[in-house]
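J.: After the sequence you'll find the predicted model.
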Amino acid sequence: MSLSSVFNIAGTGMSAQSTRLNTISSNIANAETVSSSIDQTYRARHPVFATVFDQAANGDRGSLFADQDNSGAGVQVLGVIEDQASLMPRYEPNHPAADASGYVYYPNVNVVEEMADMISASRAFQTNVEMMNTAKQMMQCVLTLGQ
């Protein structure tokens, strides 16, 4: 694995965490929306990540251990799934969105969990930025070796 591939790997990590932050913000924005039907109520969404493995040609990765090197080449977002946890029905007969029985349905979004997940995604994004900065500094040091 070359030093320049660190930029690609960190870039895929930043992109994945951006998707994660977008889904978290959508969940938080819809946390208090209501509906009179279970089918129309917003459900929390979560991205699904997968590792992208290095698929170098002829198995040559420039490493002494090329045949054993199974390093990842980044991360990809496979998709965004809906949380299947049950919705929260509340008896509010005076609510304009109440059904015939007087219930309104709130999304299955836990704002505390979403905030913790947001902090985790933000820190992961920052870590990928630091990886890029470190790789950049290392490449600058390599360029100054001959001076």
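T.: Ah, there it is.
J.: what's near enough to touch Leu87?
T.: With contacts taken as C-beta atoms under 8 Å, 6 or more residues apart in numbering, Leu87 has the following neighbours: 38, 41, 43, 105-108. All C-beta atoms are positioned from the backbone trio N, CA, C, and that covers glycine.
J.: Now which of those would you call buried?
T.: Those of the contacts of Leu87 that meet the buried threshold are 41, 43, 105-108, by 16 or more other C-beta atoms under 10 Å.
J.: among those residues, which are in strands?
T.: 105-106 (DSSP state E).
J.: so where's the chain uncertain?
T.: Under the criterion pLDDT under 70, the flagged ranges of the chain are 1, 55-71.
J.: same thing but at 90, please
T.: Judged by pLDDT under 90, the chain has its weakly predicted residues at 1-6, 35-39, 52-73, 97, 138-147.
J.: Which strand runs longest in it?
T.: The strand of greatest length in the chain, counted in residues with DSSP E as the criterion, is given as strand 72-82.
J.: Now do the buried residues in it.
T.: Taking 16+ other C-beta under 10 Å as the neighbour-count basis, strand 72-82 is seen to contain the buried residues 73-75, 77.
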